[in-house]
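Fold the stuff below for me.
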Amino acid sequence: MSLLKRLEKQKSTVQTENELKQIDSPKVQSVDVYREIKAKAHHEVIEVLNKRNLEENHEESVKQVIEETLELVAIGYNRTERSKIAAELYNDVMGYGPLENLLNDTSVTEIMVNGPFNIYIEKSGKIELSPVTFRDNEHVLNIIDRIVSSIGRHIDEASPMVDARLQDGSRVNVIIPPLSLVGPVITIRKFSKKPITAQELLKFGSISPKMLAFLEACVKGKLNIIVAGGTGSGKTTLLNVLSAFIPEDERIVTIEDAAELQLRQKHVITLESRPASLEGKGQISIRDLVRNSLRMRPDRIVVGEVRSGETLDMLQAMNTGHDGSLTTTHANTPRDTISRIETMVLMSGMDLPIKAIREQVCSAIDIIVQQSRMRDGSRKITNITEVLGMEGDIITLQDIFYCEREGLVEGTDKLKIRFRSSGIRPFCVEKLKDNGIYVSDDWFRD
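Here you go, the predicted structure:
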């Protein structure tokens, strides 16, 4: 039986059911009828599309089938309501279902799906519950399958975790039952299609003009910089901003788990790690890529994040002629950053004495930039710290810039932050001047 005949046959039945349900309990039943009609329409649309050739399943064809289906199924709904159902159906069939609107909302920076009925979002650094929901676990799994299959990945009970990314570069992590007890869980870290610029950081109050001028000089003067901070503190965003200061005539190699950096320079080689296949073979780690990058004649190596044994290879690269390299790591303070780097070097499997590791760190790293997310949701650069050297067995650090919290802005819940200079002229200034970079002593006066 053709779609048209089947739908016409259902027309009177659906209309009668709708009327009876609305008489019984208009407020409660209307929601159920809405879901029932949407489910029936979805089934019919999928059935029609499956019978057609793939070449015909383009956007206009899908929209036409949805409209024809709703004309016969969505009886009693006006044009506005049908348009809403049509948009939801189209997102289910061609897009990412209920997540589509959240992905298109530029004010949403993170999406957290905790099972089908609890979807949380992050706006302005604060987490809130979204009114958006899925139908059931199967609905969530269908969207997950669409996400991971688009980049050649696979997820099932045998392999229930996967990292992926969307076409716009947004980072996705998925974990499903039996590991997740609340149903399928999706975490999406969105990235702006237009990279945040240095001027926007100033506008947001994330950094002071003196701090920004100093960091620009550090990048152009080929100092090795580590951006440290907690989850969601803005490390990748700041790394993007710093990378924009790299001169156009230099060859840049970027290395990441998921390609998130958006460099504007022309001479950029982007490398991305690869997980193991279903057979457990073919894995290419960040460490493998860092080693390989040394043979690619880079002027700069930019690693999205170091979290394991690749830290040792990164330090060696910084120590062997690849000055001006940049990376990020998870740490809460500049001192914690040093301790974490030492731990990650030991994870490389090399049996190195702690003093040798610390000498490598002192020789390789010039500046630590500490990024934090404040309790009001804003992201600030809390410390710019210079690595001075060794005193006995201890690595000495000194703050060049730091921020002070001065309570709340009157009448709001926003923190009042003051960026300050320590008044100390950093030792790295001489290296910057040797590299032909202008440095103003006014930057370091409080």
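
so where does the residue nearest to L129 when sequence neighbours are not counted fall, helix or strand?
Nearest residue to L129 in three dimensions, chain neighbours excluded: Y120, at 5.7 Å (C-beta to C-beta, 6 or more residues apart in numbering). Any C-beta I mention is one placed from the backbone N, CA and C, and that applies to glycine too. Per DSSP states H and E: Y120 is located in strand 119-123.

Would you mark the buried spots in that strand?
By neighbour count on 16 or more other C-beta atoms under 10 Å, the buried set for strand 119-123 is I119, I121, E122.

Partner strands of it, with direction?
Paired neighbours of strand 119-123 in the sheet (DSSP bridges): strand 108-114 (antiparallel), strand 126-129 (antiparallel).

Tell me the helices and strands packed up against the next helix or strand after the last one.
Proceeding C-terminally, strand 126-129 gives way to helix 137-149 as the next helix or strand, assigned by DSSP H and E. Helix 137-149 is packed against strand 161-165, strand 171-175, strand 185-189, with contacts defined by 3 or more C-beta pairs under 8 Å, 6 or more residues apart in numbering; DSSP states H and E.

Run through who's touching the strand holding Y120.
Strand 119-123 has contacts (C-beta atoms under 8 Å, 6 or more residues apart in numbering) with 98-99, 102, 107-114, 127-130, 132-134, 232.

Work out the gap between it and the centre of the chain.
14 Å (C-alpha atoms, centre = their mean, to the nearest Å).

So for that strand, mean pLDDT?
The average pLDDT for strand 119-123 rounds to 94.

likewise stretch 161-177?
pLDDT averaged over stretch 161-177 gives 86.

Give me the domain ranges for the protein.
3-94, 99-189, 198-444 (automatic domain parsing).

Quick one: end-to-end length of the second one, please.
Taking C-alpha to C-alpha, to the nearest Å, the first and last residues of domain 99-189 lie 13 Å apart.

what does the strand ranked longest in the chain rub up against?
Longest strand in the chain, counting residues (DSSP state E): strand 394-408. Contact with strand 394-408 is made by 208, 210-211, 214, 334-335, 338, 358, 361-362, 368, 380-390, 414-422, 424, 426, 444, as judged by C-beta under 8 Å, 6+ apart.

Got a PyMOL select line for the buried ones in the residues you listed?
Of those, the buried ones go into a single PyMOL selection, burial set by 16+ other C-beta under 10 Å:
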select buried, resi 208+210+211+214+334+338+358+361+362+368+380+381+382+383+384+385+386+387+415+417+419+421+422+426+444
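
from the contacts of strand 394-408, which ones fall inside strands?
368, 380-390, 415-421.

so where's the stretch 151-300 of the chain uncertain?
Under the criterion pLDDT under 70, the flagged ranges of the stretch 151-300 of the chain are 278.

Just the helices from it, written as ranges.
Here the stretch 151-300 of the chain has its helices, by DSSP state H, counting those that start in this stretch, at 198-204, 209-220, 235-243, 286-293.
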